[in-house]
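1. what follows is a predicted protein model with its sequence.
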Amino acid sequence: MPASPADRETPPVCARWTAASPWPADRPPFAIILGCSDSRVPAELVFDQSLGDLFVIRVAGNIVAPSQVGSIEFAAERFGTPLVVVLGHSQCGAVCATLEELERPANSRSPNLSSIVDRIRPAVEPLLDTGHDRDRDELIARAVHANIRKATDQLRHGSAILERLIRERRLLVAGAHYSLETGLVEFLDGA
Ligand SMILES: [Zn+2]
């Protein structure tokens, strides 16, 4: 008697896709990168990695919004990838746009763009009252670092799944800064 459809073991669609792919299923991406969309900061080139090495999420200002968190949850759970790196960079246009918005609020800004600025704003707004705003380059550099630290903090505390993986020592969240001027990546202490 032929087996009924319910008796057959049907692998999930994604498992079939994995088996048919040219990349070994036992070599999952070893790091998840949440980076900026800036064309000068492609994660694979910055870290000198190849196809299959990194699970990359890119969004202007490397912000943490639900779709980014969901993507990281997916990779961490599905592939067991043990490292998340929030990769910010010098001269970040999204951070600069947020500073400009704070200094000269524009009513005509697109609500979609505002949704990005509004997620960067809490990290950089406190810097405007500390005297660092006198030096423009210094202010932007501090704002970029603050935005990286804010994103790592949100990832550590904004998802029950990620919190559990961190508690079980199966996931590490780190913050890093890429310098467009030097080409070097600096991992931030405590970020
Ligand atoms: Zn950027």
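-> Received the coordinates, thanks. Numbers count the residues shown, from 1 in each chain.

2. any part of stretch 119-128 near the ion?
-> No. Contact between stretch 119-128 and the ion is absent, the nearest approach being 9.9 Å (criterion: CB under 5 Å from the ion). (C-beta placed from N, C-alpha, C; glycine too.)

3. buried ones in that stretch?
-> Burial within stretch 119-128, assessed by neighbour count using 16 or more other CB atoms under 10 Å, is assigned to 119-121, 123-124, 127.

4. measure that stretch end to end?
-> Across stretch 119-128, the terminal residues are separated by 16 Å (CA to CA, to the nearest Å).

5. same check on stretch 73-92?
-> Taking CA to CA as the measure, stretch 73-92 stretches 26 Å from start to finish.

6. tell me the residues of the protein that contact the ion?
-> Near the ion, when you scan the chain using CB under 5 Å from the ion, you find 36, 38, 92.

7. which of the buried residues of stretch 119-128 lies closest to the ion?
-> When the buried residues of stretch 119-128 are compared for distance to the ion (CB to the ion), I120 wins out at 9.9 Å.

8. check which helix or strand L45 maps to.
-> Secondary-structure assignment from DSSP states H and E places L45 in helix 43-46.

9. again but with V56, I slipped
-> Counting by DSSP H and E, the secondary-structure element that holds V56 is strand 54-58.

10. now tabulate the buried residues of stretch 119-128 in JSON lines and tack on secondary structure and pLDDT.
-> JSON lines is the format used below for those (DSSP: H, G, I helix; E, B strand; the rest coil; pLDDT from 0 to 100):
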{"residue": "R119", "secondary structure": "helix", "pLDDT": "97"}
{"residue": "I120", "secondary structure": "helix", "pLDDT": "98"}
{"residue": "R121", "secondary structure": "helix", "pLDDT": "96"}
{"residue": "A123", "secondary structure": "helix", "pLDDT": "96"}
{"residue": "V124", "secondary structure": "helix", "pLDDT": "95"}
{"residue": "L127", "secondary structure": "helix", "pLDDT": "92"}
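
11. so where do the strands sit in the chain?
-> In the chain, the segments counted as strands under DSSP state E are 31-35, 54-58, 83-89, 172-178, 185-187.

12. let me have the ones you listed in TSV, extended by mean pLDDT, distance to F47 and mean neighbour count.
-> Listed next are the strands of the chain as TSV, based on pLDDT from 0 to 100; distance: least, CB to CB, whole Å; neighbours: other CB atoms under 10 Å:
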stretch	mean pLDDT	distance to F47	mean neighbour count
strand 31-35	98	8	24
strand 54-58	98	7	20
strand 83-89	98	8	24
strand 172-178	98	9	20
strand 185-187	98	7	12
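
13. show residues contacting stretch 183-191.
-> For stretch 183-191, contacts defined as CB atoms under 8 Å, 6 or more residues apart in numbering pick out 46-47, 86-87, 145, 148-149, 152, 174-179.
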